[in-house]
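Peer 1: Quick one, what's the 3D model for this:
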Amino acid sequence: MDIDFNKLTNLQNLDEEIKQTTLILEKIPLQLKNIDINIETQFQAITQAQDKLAQNQKKRRTLESDTQDIKAHIDKYKHQLGGVKTNKEYSALLKEIEEAQSKIDQKEEEIISEMLNADDIGEEIQKAESKANEAKEKLSKDKEALILKKKELEEKNKELTLKKEALIPLIPKEQSKLYLEIFKTKNGIPLSPVIDDFCSMCQIRIRPQVLNELKAETQIILCENCGRILYIKKKSS
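Peer 2: Now for the predicted structure:
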């Protein structure tokens, strides 16, 4: 029986294309997930800066509240000055007022410092928002391109599968059966061309008698070493 190696090699080429497109397709879901994570990470910088601003505002409110409490104590001390009867008491109240005023000055300096920090944080938020929006725009385009690529590869795989399904019936049943059996055990590569008298897959030298049988193309011959279907690769003219 003559062996049509053209059909067998075409079948293997189709299987190899299907394998390659499938491998790419299998990676796309993770790539899409990573894009979403990247976008989310960009916006986390905004959230972190907003949290810093919230802490800043909370600290300022606390400082302002403390300042008001201290001022209330000063007013109380000043009111008490009119009722003291000794110089010692008067001096003690003046010292309390002086110390309280010193605390107010310190608190007010801290408030000013926090206000300056708030300005810096505000700029940080604006920069983070600008950077995140730019990144989102770019990453969203990357995502759209990846989704389009996925669709194109799925269509390609369908076309390749249809071609494969149409080709298999054209190959003698015993040959296609053997091909599919080897396909399962040899990582999807059932055929191995003989190049310069060597099996190209396992690099074992093919015996002269086997080479002559291969050239006749009247029977399926398996590599004695790797078990794949051997065929003579025609040299391009």
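Peer 1: Is it correct that residue 230 is in contact with residue 199?
Peer 2: Yes - between residue 230 and residue 199 there is a contact under C-beta atoms under 8 Å: 6.4 Å. (Each C-beta comes from the backbone N, C-alpha and C, glycine too.)
Peer 1: which residues are common contacts for the two?
Peer 2: Residues touching both residue 230 and residue 199 (C-beta atoms under 8 Å, 6 or more residues apart in numbering): 192, 206, 223.
Peer 1: gap between residue 194 and residue 102?
Peer 2: Residue 194 sits 97 Å away from residue 102, going by C-beta to C-beta, to the nearest Å.
Peer 1: now the helices for the protein?
Peer 2: Secondary structure of the chain (DSSP state H): helices located at 5-81, 87-167, 173-185, 208-216.
Peer 1: any idea of the angle the first one forms with helix 173-185?
Peer 2: If you take axes from the mean of the first three to the mean of the last three C-alpha atoms, to 10 degrees, helix 5-81 sits at 30 degrees to helix 173-185.
Peer 1: now helix 5-81 against helix 208-216, angle please.
Peer 2: 90 degrees.
Peer 1: so helix 5-81 versus helix 87-167, what angle?
Peer 2: Going by the same axes, to 10 degrees, helix 5-81 makes 170 degrees with helix 87-167.
Peer 1: Show me what helix 5-81 is packed against.
Peer 2: Helices and strands touching helix 5-81, by 3 or more C-beta pairs under 8 Å, 6 or more residues apart in numbering; DSSP states H and E, are helix 87-167, helix 173-185, strand 191-195, strand 229-232.
Peer 1: Mind doing that once more with 6 Å?
Peer 2: helix 87-167 (3 or more C-beta pairs under 6 Å, 6 or more residues apart in numbering; DSSP states H and E).
Peer 1: quick revisit: okay if I get the shared contacts of residue 230 and residue 199 as a markdown table plus neighbour count and pLDDT?
Peer 2: Below are those laid out as a markdown table (neighbours: other C-beta atoms under 10 Å; pLDDT from 0 to 100):
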| residue | neighbour count | pLDDT |
| --- | --- | --- |
| 192 | 26 | 96 |
| 206 | 21 | 95 |
| 223 | 19 | 96 |
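Peer 1: Can you spell out the domain ranges of the protein, please?
Peer 2: 5-170, 173-232 (automatic domain parsing).
Peer 1: how long is the shortest one from one end to the other?
Peer 2: End-to-end distance for domain 173-232: 22 Å, by C-alpha to C-alpha, to the nearest Å.
Peer 1: now it: how far from the chain's centre is it?
Peer 2: 41 Å (C-alpha atoms, centre = their mean, to the nearest Å).
Peer 1: can you check the longest one too?
Peer 2: Distance, stretch centre to chain centre, for domain 5-170: 18 Å (C-alpha atoms, centre = their mean).
Peer 1: what about the residue nearest the centre of the chain, distance to residue 27?
Peer 2: Computing the C-alpha centroid of the chain and ranking residues by C-alpha atoms, centre = their mean puts residue 34 first, at 2.6 Å. Per C-beta to C-beta, residue 34 is found 10 Å from residue 27.
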